[in-house]
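Chemist: Turn this into a model:
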Amino acid sequence: MAAGKGPLSEVNFLTVAEVASVMRVSKMTVYRLVHSGHLPAIRVGRSFRVPEQAVHEYLQESYVGVETA
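Modeler: Prediction:
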């Protein structure tokens, strides 16, 4: 997981709403990604926090390039 690459104090955590904004999807989509295990998160009380680097890695892995002929 991305959070394990450096000291925990240097990890920037995002709320579900912030992740949804970065990814330009609904908050429900973010919750589905978290619950399915596709997007790592920690639970803080009743809410989730997602490492910012994990969001960028998920988007990078999910990128579909368009090939030109």
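Chemist: in this structure, which spans are helices?
Modeler: 16-23, 27-36, 52-62 (DSSP state H).
Chemist: Packed most tightly, which of those would that be?
Modeler: Most buried of these by mean neighbour count (mean count of other CB atoms under 10 Å) is helix 16-23; its value is a mean of 17. Yep, even glycine has a C-beta here, placed from its N, CA and C like the rest.
Chemist: Can you list the neighbours in contact with it?
Modeler: With CB atoms under 8 Å, 6 or more residues apart in numbering as the test, helix 16-23 has contacts from 14, 26-27, 29-31, 34, 39, 47-48, 50, 55, 59.
Chemist: Kindly export that helix (C-alpha atoms) in PDB.
Modeler: This file holds the C-alpha atoms of helix 16-23, laid out as PDB (Å, rounded to 0.1, in the frame of the first residue of the first chain):
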ATOM      1  CA  VAL A  16     -14.300  10.700   0.600                       C
ATOM      2  CA  ALA A  17     -15.700  14.000  -0.800                       C
ATOM      3  CA  GLU A  18     -12.100  15.200  -1.700                       C
ATOM      4  CA  VAL A  19     -11.400  11.900  -3.500                       C
ATOM      5  CA  ALA A  20     -14.700  12.100  -5.300                       C
ATOM      6  CA  SER A  21     -13.700  15.600  -6.400                       C
ATOM      7  CA  VAL A  22     -10.300  14.600  -7.600                       C
ATOM      8  CA  MET A  23     -11.600  11.600  -9.500                       C
END
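Chemist: and the angle from that helix to helix 27-36?
Modeler: On the basis of axes from the mean of the first three to the mean of the last three CA atoms, to 10 degrees, helix 16-23 is oriented at 100 degrees to helix 27-36.
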